[in-house]
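Participant: Build me a model from this:
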Amino acid sequence: MPLRSVRIRVLLPCLLLLLASSVLRAADPVKNLSAHYRHWLTEEVPYIINSDERKQFLALANDAERDNFIKAFWDARNPNPASGMNEYENEHYRRLAYANQQFGNIKAEDGWRTDEGRIYITLGPPQQKASYPNARNLRPMEIWFYQSTTPALPSHFYIVFYKRSIGEPYTLYSPYQDGPVRLVTGLEALNDQKRSLDIIRKSLGDEVARTMLSLIPTEPVDLDSYTPSLSSDVLLSTIHGLPDNRFTKEMLEAHRSQELVTHRILTGPDQAELAAMTFREADGRQSVHYLLRYREPLAALVGRLPGGQTGYSMTLQSTVFTKAGKRIYADDEKLGGVLTESEAAVARKRRFAAEGRLPLVPGEYRVDVTLTNDLNQMSLHESRYVAVPLVSGAEWSMSNLLAASAQPPVQDAGRVVPFSVAGVRFMPRGIGDVSLHDTDQLRLIFQLWSKPTDPASLAGHKIKMTYGYGRLQSGPSPVSESEELDASDFDASGTLLTGHSISMAGLAPGTYRLSVTAMDETTQQKAYAGMSFRVVADTEPTDLWTAYGIEAVNSHNAAMDDYKRGLSAAAQSQTDDAVAWFRRSLADDAQYLPALTRLVDLLSQSGRYKDVAELSRKYPVTHAISQATAILMAQANAQVGEGPVAVRILESELEFQAPNTELYLALAKVYQDQGNATKAGEYRQRAALLRN
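Facilitator: Okay, the predicted model is just below:
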């Protein structure tokens, strides 16, 4: 064979390797980044950037686009865009610096790579930390305790770290993947999980031992046998994938919406007022109805629409928080309409108010409302605290007072439009405060609330209503009007809708205070409410023009309302009430899967596996049901002895999901519990291959 032919055969594989290496470099966009942007992507934000954002960043063409992306990335996570600083970004880099100082090699600044560094950067400092560096017969361990700030994770959980050997960094512990044998030194319990668990109990006590079986404090465990928790591995997997979690993405989108508002021009303070009141239906459902009302007419709200017609276009954003500041849910609505020239002329001379309705359960809340005029990007923002009363005790109470327009009420059988109650819609003029001319009537609409009672038992009871009003400044003596109501008009839930009109005739201009008292003349029980009203000159505009989200009303789903009530109950740790409302949501619409997801999650956290198993029979796994929900359903069936059902659920889920570690581990656990070691080993091996 000629020497030249040999050389070609030898060189050809080398050339192919070089070409392959070149292709791989070209196919890896991370390597094509400059050091600055590669460091940002791979070492600064790898635990908080989601997969969609990562793809977007890698697809950018130049450094200017990358700089803009990075700015938008942090802006979208800013919890308070108007503050002039980004608390989220500052906190992230504080965590990153701490991880590099406390974990790993300080000189190499690689603490972020360690398991402890990753958890610290992702979740922040633990609320509590327990360290066991020299426990008898055990490897060095640390237990971190967290209270979750996201609905993606259980409300309370532990994270456990251990050292495989002296000199190594702490490694994340998994009750299912590792088990107690990984924590015990010596040979007396070699490969024996139960004996290893007994050693931990003897050395550190039952509480630490139970943590080695489940990282979730509320999950029941059996210390007399090694039964590791699959929920713990799901927890660890959720933490690992937190940037791509549904709840994280929803929160990010909410922040982006708020961030967009801050890039608009915010009007100054005292431009508007936010007032709210609660209406209660006979079936017990309660909603907060609010008015975001301009103090003066604003002609700029009406203008030329993109299509050339005259009208208005606004965006109304309302976000509900607990009193402590925990976000519950947010609504975005479009307010828009076409006006004739005469209608536009009238609207420009009147004050505007945006109407909103927020389904909630009893409790105390903060409501943030932002209204943006899409025609000129001018925005205003108002907040207020509202209380939704618990109507169940013996004490009477009264809603706030609604000043209604002279327009006659209209039927609203769906009770979905703001300021609708008992199937009737009232046009609002003010809540707790209103301006009137001396030719007007103050038309009051309000509710009385008492404990649920059979109306027949109230026959003969009379309710004396007293309306007293007078000027706040010195002036004529207060005026009082009275009337009687029949207490049997209360419905079975203890609710009575009523109203009253007061003529402004003869009242001098000025500010007046109205006090309303309701008294059951038989029991002497009383309820009170009050409001202010101003009598103004005829030249001062008093009528409102209002708008609400027509699209939201047209697409209304009762299931969504009850789901929101469930969210508000869950945010206040009213678990039983939240479960009831999520069940009610599914009764409204069996296809409303957000309610099913939260219901399964809450029941699982409470250890109510039988209830979850029953739900899995009623709601079979489909492509629409999330993987986390399917795993919890399978786990619940396994807990109540329905192993074949658990297998069927997970194998069905594999038909809808790409193969992944969580599903394989879940199947391995179920098969192991059924005594099928072969199948269990097969799925553990598949999981290991995916991890590698």
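Participant: Show the average pLDDT along stretch 468-479.
Facilitator: Over the span of stretch 468-479, the pLDDT mean works out to 76.
Participant: what's the answer for stretch 505-517, then?
Facilitator: The predicted confidence, averaged over stretch 505-517, sits at 91.
Participant: and it, which residues are buried?
Facilitator: Residues of stretch 505-517 classed as buried: L507, Y512, L514, V516, T517 (neighbour count, 16 or more other CB atoms under 10 Å). Just so you know, the C-beta spots here come from the backbone N, C-alpha and C atoms, and that holds for glycine as well.
Participant: Check those residues and tell me the two furthest apart.
Facilitator: Distances among these were taken as CB to CB; the most separated pair is L507 and T517, at 20.6 Å.
Participant: residues contacting Y467?
Facilitator: Contacts here follow CB atoms under 8 Å, 6 or more residues apart in numbering; on that basis Y467 touches L444, S480, E481, S482, H500, I502, L514, S515, V516.
Participant: Kindly reformat these as a markdown table containing secondary structure and distance to G205.
Facilitator: Conversion of the contacts of Y467 to a markdown table gives the following (DSSP: H, G, I helix; E, B strand; the rest coil; distance: CB to CB, whole Å):
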| residue | secondary structure | distance to G205 |
| --- | --- | --- |
| L444 | strand | 64 |
| S480 | strand | 70 |
| E481 | strand | 71 |
| S482 | strand | 70 |
| H500 | strand | 67 |
| I502 | strand | 70 |
| L514 | strand | 64 |
| S515 | strand | 62 |
| V516 | strand | 61 |
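Participant: of those, closest to E53?
Facilitator: Distance to E53 across the contacts of Y467 (CB to CB) is lowest for L444, with 52.4 Å.
Participant: Show the contacting residues for the closest one.
Facilitator: Counting by CB under 8 Å, 6+ apart, L444 touches L401, L402, A403, A404, Y467, G499, H500, S501, I502, V516.
Participant: try it again with 6 Å
Facilitator: If a contact means CB atoms under 6 Å, 6 or more residues apart in numbering, then L444 has L401, G499, H500 as its contacts.
Participant: Parallel or antiparallel, which strands does the strand or helix carrying the second one pair with?
Facilitator: Following DSSP states H and E, one finds G499 within strand 495-503. Using DSSP bridges, strand 495-503 pairs in its sheet with strand 441-449 (antiparallel).
Participant: May I see the buried residues of the strand it pairs with?
Facilitator: Across strand 441-449, burial judged by 16+ other CB under 10 Å covers L442, R443, L444, I445, F446, Q447, L448, W449.
Participant: what ranges do the strands span in the stretch 401-550 of the chain?
Facilitator: For the stretch 401-550 of the chain, strands defined by DSSP state E, counting those that start in this stretch occupy the ranges 402-404, 410-411, 420-421, 424-425, 428-431, 433-436, 441-449, 462-471, 479-486, 495-503, 510-520, 526-535, 544-547.
Participant: circling back to that earlier point, now the strand holding G499: how far from the chain's centre is it?
Facilitator: Average the C-alpha atoms of strand 495-503, do the same for its chain, and the two points are 37 Å apart (CA atoms, centre = their mean, to the nearest Å).
Participant: before we move on, what about stretch 292-308?
Facilitator: Stretch 292-308 has its C-alpha centroid displaced from the chain centroid by 32 Å (CA atoms, centre = their mean).
Participant: who touches that stretch?
Facilitator: Taking CB under 6 Å, 6+ apart as the criterion, the residues outside stretch 292-308 that touch it are 272-274, 311-312, 344, 347-354, 369, 371, 373, 375-376, 541.
Participant: Please, where are all the strands along the stretch 1-150 of the chain?
Facilitator: Secondary structure of the stretch 1-150 of the chain, counting by DSSP E, counting those that start in this stretch: strands at 128-132, 141-147.
Participant: For those, which has the smallest mean pLDDT value?
Facilitator: For the strands of the stretch 1-150 of the chain, where the average pLDDT is lowest is strand 128-132, sitting at a mean of 88.
Participant: Out of the contacts of L444, flag the one nearest to V184.
Facilitator: For these, the residue nearest V184 by CB to CB is L401; the value is 69.3 Å.
Participant: give the contact list for the closest one.
Facilitator: The contact partners of L401, by CB under 6 Å, 6+ apart, come to L444, F446, A529, M531.
Participant: Now the third one: closest residue in space that isn't a chain neighbour?
Facilitator: When you say that, I think you mean A529. Across the structure, with CB to CB, 6 or more residues apart in numbering as the measure, the residue nearest A529 apart from its sequence neighbours is M398 (4.3 Å).
Participant: unless I'm mixing things up, that neighbour is touching A527, no?
Facilitator: Yes - with contacts counted by CB atoms under 6 Å, M398 reaches A527, the gap being 4.2 Å.
Participant: in which helix or strand would I find V160?
Facilitator: Assigning secondary structure by DSSP H and E places V160 in strand 156-162.
Participant: Show me what the helix or strand following that strand is packed up against.
Facilitator: Per DSSP H and E, the first helix or strand lying C-terminal to strand 156-162 is strand 171-172. Contact partners of strand 171-172 among helices and strands, from 3 or more CB pairs under 6 Å, 6 or more residues apart in numbering; DSSP states H and E: none.
Participant: Which elements pack onto whichever helix or strand comes after strand 171-172?
Facilitator: Scanning forward in sequence from strand 171-172 by DSSP H and E, the next helix or strand is helix 193-204. In terms of contacts (3+ CB pairs under 6 Å, 6+ apart), helix 193-204 is packed against helix 206-211.
Participant: can you give me the angle the helix or strand just after the helix it packs on makes with strand 141-147?
Facilitator: Elements were assigned by DSSP H and E; along the chain past helix 206-211, the next helix or strand is helix 230-240. Counting by axes from the mean of the first three to the mean of the last three CA atoms, to 10 degrees, helix 230-240 points 80 degrees away from the direction of strand 141-147.
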